[in-house]
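> Got a predicted model here, sequence first, then my questions.
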Amino acid sequence: MSSQPNSYTDSHNRYSGGPAAGTASQDPAPQAPSPQVPGQDPARQSLLNVRNEVGKAVVGQDPTVTGMLIALLCGGHVLLEGVPGVAKTLLVRSLSTALSLDTKRVQFTPDLMPGDVTGSLVYDSHTSEFTFREGPVFTNILLADEINRTPPKTQASLLEAMEERQVSVDGVSRPLPAPFIVAATQNPVEYEGTYPLPEAQLDRFLLKLTMPLPGRAEEIEVIRRHANGFDPRNLAAAGVRPVAGAVELANARAAVAEVAVAPEILAYIVDVVRATRSAPSFQLGVSPRGATALLNTSKAWAWLSGRTFVTPDDVKALSLPCLRHRVGLRPEAQMDGIQVDDVLGSILASVPVPR
């Protein structure tokens with residue numbers, strides 16, 4: 001068995017040739033879209049071209065871009081964690097532009113009400129009737145900025161939308177557009193005045209992606225682009241163009257569903273998840289929903305990598321972003337400075353890998 005990557009970043013670097021997050025790239029300029037390869041799946045080629053388009057606006061976040069594509073392929077939601085200024089909002093806007101999808105942004109604040117997100121009934125004086133006014137959740141990609149700054153009541157207003165893809169107001173259920181995902185952001189440093197997301201809501205996020213500060217070469221490239229007139233509010237001027245749409249995404253989802261998973265891989269996923277429930281440093285392990293999420297994301301990553309079957313590498317590659325937010329450290333482990341990713345890394349190193 002070849003050496004196994006122990007993180008999503010390592011695996012992304014190995015399979016795609018992209019820079020690892022937080023490291024300087026030898027060539028920080030975005031690569032040109034790959035030419036169409038004879039026999040290549042058109043849907044896969046379209047999504048790979050999306051990554052190149054996003055690179056015209058966002059520098060040094062290739063693993064995060066790929067993670068967002070995996071979430072779209074699985075129809076899951078993403079929690080983006082990073083300090084202010086690492087292009088979280090720009091990434092979502094660029095991705096939606098490249099995919100011809102609608103996106104809306106909501107700044108979550110302590111005074112935000114549930115109706116401000118989902119929509120509410122408004123009295124029409126002309127018809128003397130109440131009509132429903134859609135909230136920003138009626139979109140394809142909802143950017144929930146600093147979601148942990150709003151009270152639990154407003155956070156909970158997203159639960160039905162995230163799980164059922166619908167909004168219920170006054171006893172009437174209204175379906176959301178398809179596709180629909182939530183990309184929520186939170187600041188990992190400043191916790192004053194925040195409301196930590198409850199476990200039930202965290203478990204609804206398919207992936208938790210961390211966006212590190214760029215390496216030196218990547219940051220130089222960012223500054224160079226701004227010196228040459230780059231405007232993050234004008235993506236068209238930056239050359240970001242639609243290269244795929246809802247049709248290509250639907251075809252890609254159908255192809256991902258056909259990716260084969262051997263019984264040994266299924267058992268390996270279960271063994272990894274069950275190991276989190278007995279880890280001494282964890283007081284909360286991963287639920288069966290987490291195991292299903294790891295399966296689905298591994299299939300999506302295998303398909304993006306050009307394979308029709310899942311390998312142990314795929315499972316290891318997605319384990320950290322898929323599981324890190326579904327576990328809880330014991331208080332004594334937190335006092336000892338133990339990190340969730342370190343514990344998950346130890347679990348991946350100890351669980352036998354199928355041959």
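Sure thing, it's come through.
> got any ranges where the stretch 1-150 of the chain has weak pLDDT?
Applying pLDDT under 70 to the stretch 1-150 of the chain flags residues 1-40.
> Mind jotting down where the strands sit in it?
Counting by DSSP state E, counting those that start in this stretch, the stretch 1-150 of the chain has strands at residues 77-81, 103-107, 119-124, 129-134, 141-145.
> helices or strands up against the third one?
Spelled out, it's strand 119-124. Strand 119-124 is packed against strand 129-134, strand 166-169, with contacts defined by 3 or more Cβ pairs under 8 Å, 6 or more residues apart in numbering; DSSP states H and E. Glycine gets a C-beta too; all of them are placed from N, C-alpha and C.
> Likewise for the second one?
In this structure, strand 103-107 packs against helix 88-98, strand 141-145, with contacts taken as 3+ Cβ pairs under 8 Å, 6+ apart.
> Can you lay out these as TSV showing distance to residue 165?
TSV is the format used below for the helices and strands packed on strand 103-107 (distance: least, Cβ to Cβ, whole Å):
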stretch	distance to residue 165
helix 88-98	18
strand 141-145	12
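> Which of the strands of the stretch 1-150 of the chain sits closest to residue 184?
Closest to residue 184 of the strands of the stretch 1-150 of the chain, according to Cβ to Cβ: strand 141-145, at 4.0 Å.
> Determine which of the helices and strands packed on strand 119-124 approaches residue 147 most closely.
Closest to residue 147 of those, according to Cβ to Cβ: strand 166-169, at 17.1 Å.
> Contacts for whatever helix or strand comes next after the closest one next, please.
Per DSSP states H and E, the first helix or strand lying C-terminal to strand 166-169 is strand 172-175. The contact list for strand 172-175 (Cβ atoms under 8 Å, 6 or more residues apart in numbering) reads 119, 132, 134, 138, 165-168.
> which two in those residues are spaced the farthest apart?
132 and 165 (16.9 Å).
> excluding its backbone neighbours, what's nearest residue 146?
Take residue 146 and drop its neighbours on the chain: the residue closest to it by Cβ to Cβ, 6 or more residues apart in numbering is residue 108, 5.2 Å away.
> Now do that neighbour against residue 164, distance only.
Distance, residue 108 to residue 164, using Cβ to Cβ, to the nearest Å: 21 Å.
> Which of these two has more residues huddled nearby?
residue 108 (23 against 12; other Cβ atoms under 10 Å).
> what sits against the more buried one?
144-150, 154-155.
> how far away is the residue nearest to the spatial centre of the chain from residue 284?
Centroid-nearest residue in the chain, with Cα atoms, centre = their mean: residue 78, separated by 3.4 Å. The gap separating residue 78 from residue 284 is 21 Å, by Cβ to Cβ.
> for residue 209, same thing?
In terms of Cβ to Cβ, residue 209 sits 20 Å off from residue 284.
> could you give the angle of the helix or strand harbouring residue 317 to strand 77-81?
Per DSSP H and E, residue 317 falls inside helix 312-323. For helix 312-323 against strand 77-81, the angle by axes from the mean of the first three to the mean of the last three Cα atoms, to 10 degrees is 70 degrees.
> who does helix 312-323 touch, helix- and strand-wise?
Checking 3+ Cβ pairs under 8 Å, 6+ apart, helix 312-323 ends up next to helix 8-16, strand 205-210, helix 263-278, helix 288-304, helix 340-350.
> Tell me which of these is the most buried.
Comparing these by mean neighbour count (mean count of other Cβ atoms under 10 Å), strand 205-210 ranks first with a mean of 25.
> Distance from the chain centre to the next helix or strand after that one, please.
Per DSSP H and E, the first helix or strand lying C-terminal to strand 205-210 is helix 216-227. Relative to the chain's own centre, helix 216-227 is displaced by 25 Å; criterion: Cα atoms, centre = their mean, to the nearest Å.
> in the helix or strand following helix 216-227, what counts as buried?
Counting by DSSP H and E, the next helix or strand C-terminal to helix 216-227 is helix 246-257. Using 16 or more other Cβ atoms under 10 Å as the test for burial, helix 246-257 gives 248-249, 251-253, 255-256.
> farthest pair in those residues?
Within the buried residues of helix 246-257, two members stand farthest from each other by Cβ to Cβ: 248 and 256, at 12.5 Å.
> now residue 181, which residues is it bridged with?
Judged by DSSP bridges, the bridge partners of residue 181 are residue 141.
> give me every residue that touches it.
71-72, 75-78, 140-142.
> picking up where we left off before, need the helices and strands packed on strand 103-107 in TSV (columns: mean neighbour count and distance to residue 261).
As requested, the helices and strands packed on strand 103-107 are exported to TSV (neighbours: other Cβ atoms under 10 Å; distance: least, Cβ to Cβ, whole Å):
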stretch	mean neighbour count	distance to residue 261
helix 88-98	23	27
strand 141-145	24	28
